[in-house]
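Novice: Just the structure for this:
(2 chains)
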Amino acid sequence: MVLIVAEHSDGKLRKSSLELAQAGRELAEALGVEPVGLVLGSGVEGVARELARYLPTVKLVDDTDLANVRAEAWTSAVSEVAKSLDAKAVLFSSGRTGLSVAPRVAVRLEAPLLEDVTSLGVEDGMLVATRLAYLSRVTERVRARSLPVVASVKPNVYPLPSEQGEGSMEAVYVSLSERDKRVSVGEKRKPSGERVSLDEATVVVTGGRGVGGASGFESLVEPLAARLGAGIAATRAVVDAGWRPYAEQVGQTGKTVAPDLYLALGVSGAVQHLSGMNRSKVVVAINKDGDAPIFKVADYGIVGDVHKIVPELTEALEEEGS
Amino acid sequence: MKIVTILKQVPDAEARLRPGPNGVDFSGVTFVIDGMDEYGVEQALRIREEGTESEIVALALGPARYEEAIRTALAMGVDRAIHIETDAGLDPISQARVLGKVIAGEEADLVFVGGKQADWDSSALGPAVAEVLGWPHSDWTISMELSDGRVTVVHDADEGSEQLELPLPAVITTQQGLNEPRYPTLPNIMKAKRKELRKCTLEEAGGAQPLTELLEQSLESRERRNVMLDGDPKEAARELVRRLRDEAKVLSK
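Specialist: Numbering: from 1, shown residues only, chains lettered A, B, ... in the order given. Now for the predicted structure:
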């Protein structure tokens, strides 16, 4: 079987986990095995039921010690379930959680890791994946040399799955050791308000130094993002200046995103930034410097002052009812 | 306290990559110490400078050219270095097995690993090393504080940030914001030449078999329309909305 490790927040499956269910279904079919969902957490029956609409079988581990994502506890739980079910592949979504837990599970299961992949297939009985390297400038095809395989799948690559009716749900118990619980999770700081998470957003609005300051984010970036239902991102210069938190940074030292639409406002487009967004499907750049490198990767560019153009853009979208 | 900082050497971000017979041609490309590893080196130095008596060891697994990156770390202030010299193309999981063995032999208390390396675009090395050692880890760490055998960190999560408290020994993977790495001074560059740099082969370090195989590399970038929209702000904005709706079809109505 192929084990699909689902993630959830605020009692709902993450969108990337639904995409992962689709990736898992396709891989299971190619391998000729069953896809099985796995939900970890505390009070997660509702989440498991939601996942069971897309997968024939869902296992859930309801344990208060799994309520927070602690890499070691999650590693133990996932590895134990994978072993007991003789999983051929264990799939994570490659958000922060998956990127942190998947390598540990690979070590634990003595399995190859295919990390942050954009496709996953089977050739001659072995798993083959495509992924990006060298700051997203190079595409690699990589083959795992043995089974089982642990893989993390990039969000926004696989489509959402169709519903399949009611799958079966089974609660399973895993034994966590004291060691699994030794990291304590303290204060969490989430961006305020209803905010689309960056790795899952289908539209991302990014502000660069050209936005002018924290107030520019409030007056330009936030209204446009709200209108588009977009995630908000920032460049390195912006987070270094303290205008926005590190969690919003896109680029080499931040997050990598591949939304349907990426709007770069006052972003010059240094290589380090491009590596975090150059796989976006459609890119819009607005910058006063017509020679800025961001225009080279843009589908649509406007040379001009973001302070004049962005409010017009927000208004035009409003009239559009979009 | 003994601190190990793992180093990688990667192509300079500005380097122009060209297609080559085996995928990508790296000849003529400048390689540098990975910027995210510099945060680890810097943090180790600060721990010592803030009064915790420490020995700081740089550890690298890679080809002969890595020596330059190791010298950079020594010039920043690292005490000594271990270079497992190999041309083998090992994936992060198999590298972690080798590195973990060496770190265990060093009886280290704290290990720094770059949050994500700019060659294989992978953030797996830190968590994998931690698992090999049986230690906890914090990834994408933006601040940290040591006290009484524990380390309290703030790290980047999927949404926002999160505080964690880990017992030592532990693996910390770095993120920009952790600190501002220093530049090596000329006297320290000279001094670094006399510091211990121990070399060993992959076999001497315990050996490893790759778990994955690279089939193909290709340099490809997405085709872009590169349409520039003119006119006053209002016209340009309206034209953009029209094109996003009708041409790119990315606006849902």
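
Novice: which residue ranges form the helices in the chain?
Specialist: Just so you know, I chose chain A. Secondary structure of chain A by DSSP state H: the helices cover A:15-31, A:45-51, A:71-84, A:96-108, A:214-216, A:222-228, A:236-240, A:271-274, A:306-320.

Novice: Please refer instead to chain B.
Specialist: Counting by DSSP H, the helices of chain B are B:35-49, B:67-76, B:92-106, B:125-133, B:186-192, B:233-246.

Novice: Tell me which of these sits most buried.
Specialist: The highest mean neighbour count among the helices of chain B, using mean count of other C-beta atoms under 10 Å in any protein chain shown, belongs to helix B:125-133: a mean of 28. Quick note: C-beta positions are derived from backbone N, CA and C, even for glycine.

Novice: Poorly predicted segments of the chain, please.
Specialist: Picking chain A for this. In the predicted model, chain A carries pLDDT under 70 at residues A:192-194, A:322.

Novice: You answered for a different chain; I wanted chain B.
Specialist: Residues of chain B that meet the cut-off, pLDDT under 70, sit at B:253.

Novice: For it, which residue occupies the most central location?
Specialist: B:Gly114 (2.9 Å; C-alpha atoms, centre = their mean).

Novice: who touches it in this structure?
Specialist: B:Gly114 makes contact with B:6, B:8, B:34-37, B:39-40, B:125-126, B:173-174 under the criterion C-beta atoms under 8 Å, 6 or more residues apart in numbering or on different chains.

Novice: ok, now which ones touch the residue lying closest to A:Gln22 once chain neighbours are set aside?
Specialist: Once flanking residues are discounted, A:Gln22 sits nearest to A:Pro161: 4.0 Å by C-beta to C-beta, 6 or more residues apart in numbering or on different chains. Counting by C-beta under 8 Å, 6+ apart, A:Pro161 touches A:18-19, A:21-22, A:25, A:54.

Novice: Go through the longest strand that chain B contains and flag the buried ones.
Specialist: When chain B is parsed with DSSP state E, its longest strand is strand B:137-147. For strand B:137-147, the neighbour count (16 or more other C-beta atoms under 10 Å in any protein chain shown) marks B:137-144, B:146 as buried.

Novice: before we move on, the earlier item: I'd like the helices of chain B as CSV, with distance to A:Ser184 appended.
Specialist: Formatted as CSV, the helices of chain B follow (distance: least, C-beta to C-beta, whole Å):
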stretch, distance to A:Ser184
helix B:35-49, 21
helix B:67-76, 32
helix B:92-106, 24
helix B:125-133, 17
helix B:186-192, 39
helix B:233-246, 46
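
Novice: any chance of these in a markdown table, with distance to chain A too?
Specialist: Listed next are those as a markdown table, based on distance: least, C-beta to the nearest C-beta, whole Å:
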| stretch | distance to chain A |
| --- | --- |
| helix B:35-49 | 6 |
| helix B:67-76 | 17 |
| helix B:92-106 | 5 |
| helix B:125-133 | 4 |
| helix B:186-192 | 25 |
| helix B:233-246 | 4 |
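
Novice: Of all the ones you listed, which one is nearest A:Val128?
Specialist: helix B:92-106 (17.0 Å; C-beta to C-beta).

Novice: what's the angle from that closest one to helix B:125-133?
Specialist: With axes from the mean of the first three to the mean of the last three C-alpha atoms, to 10 degrees as the basis, helix B:92-106 and helix B:125-133 are set at 60 degrees to each other.

Novice: re the thing from before, from the buried residues of strand B:137-147, list the ones also adjacent to chain A.
Specialist: Restricting the buried residues of strand B:137-147 to those within reach of chain A (C-beta under 8 Å from any C-beta of the partner chain) leaves B:137, B:139-140, B:142.

Novice: What is the nearest of those residues to A:Val271?
Specialist: Once C-beta to C-beta is applied, the member of those that ends up nearest A:Val271 is B:Trp140, at 20.7 Å.

Novice: Distance check, the closest one against A:Glu200.
Specialist: Distance from B:Trp140 to A:Glu200, counting by C-beta to C-beta, to the nearest Å: 17 Å.

Novice: now swap in B:Thr212 and tell me
Specialist: Distance, B:Thr212 to A:Glu200, by C-beta to C-beta: 27 Å.

Novice: higher neighbour count, those two?
Specialist: Taking neighbours as other C-beta atoms under 10 Å in any protein chain shown, B:Thr212 and A:Glu200 compare with B:Thr212 leading, 25 against 21.

Novice: isn't that one right up against A:Ser146?
Specialist: No: if you go by C-beta atoms under 8 Å, B:Thr212 and A:Ser146 don't touch, sitting 9.5 Å apart.

Novice: Could you pull out the residues contacting both of these two?
Specialist: Common neighbours of B:Thr212 and A:Ser146, using C-beta under 8 Å, 6+ apart, are A:Pro112.

Novice: Is there a neighbour count for A:Val310? I'd like the number.
Specialist: Using other C-beta under 10 Å, A:Val310 is surrounded by 27 other residues.

Novice: Now do the contacts for the nearest residue to it once chain neighbours are set aside.
Specialist: With sequence-adjacent residues excluded and distances taken as C-beta to C-beta, 6+ apart, A:Val310 is closest to A:Leu220, at 4.4 Å. Contacts for A:Leu220 (C-beta under 8 Å, 6+ apart) come out as A:207, A:211, A:265, A:306-307, A:310-311.

Novice: how close does A:Leu220 get to chain B?
Specialist: Distance, A:Leu220 to chain B, by C-beta to the nearest C-beta, to the nearest Å: 12 Å.

Novice: what about A:Ala102, distance to B:Pro127?
Specialist: Distance, A:Ala102 to B:Pro127, by C-beta to C-beta: 8 Å.

Novice: anything in contact with each of these two?
Specialist: With contacts defined as C-beta under 8 Å, 6+ apart, no residue is shared by A:Ala102 and B:Pro127.

Novice: Is A:Val107 in contact with B:Glu131, as I believe?
Specialist: Yes: counting by C-beta under 8 Å, A:Val107 does reach B:Glu131; the two are 4.0 Å apart.

Novice: Mutual contacts of these two, please.
Specialist: Common contact partners of A:Val107 and B:Glu131 (C-beta under 8 Å, 6+ apart): B:Ala96.

Novice: sorry, back to before: can you read off the backbone torsions of the residue nearest to the centre of chain B?
Specialist: The phi/psi pair for B:Gly114 (degrees, to the nearest 10) reads phi -60, psi 140.

Novice: Now it: closest residue in space, sequence neighbours ignored.
Specialist: Closest residue to B:Gly114 apart from its sequence neighbours, by C-beta to C-beta, 6+ apart: B:Met36 at 3.3 Å.

Novice: cool, A:Glu318 as well?
Specialist: Leaving aside its chain neighbours, A:Glu318 sits nearest to A:Arg227 (6.4 Å; criterion: C-beta to C-beta, 6+ apart).

Novice: these two touch, right, the one you found and A:Leu317?
Specialist: Yes: if you go by C-beta under 8 Å, A:Arg227 and A:Leu317 touch, sitting 5.0 Å apart.
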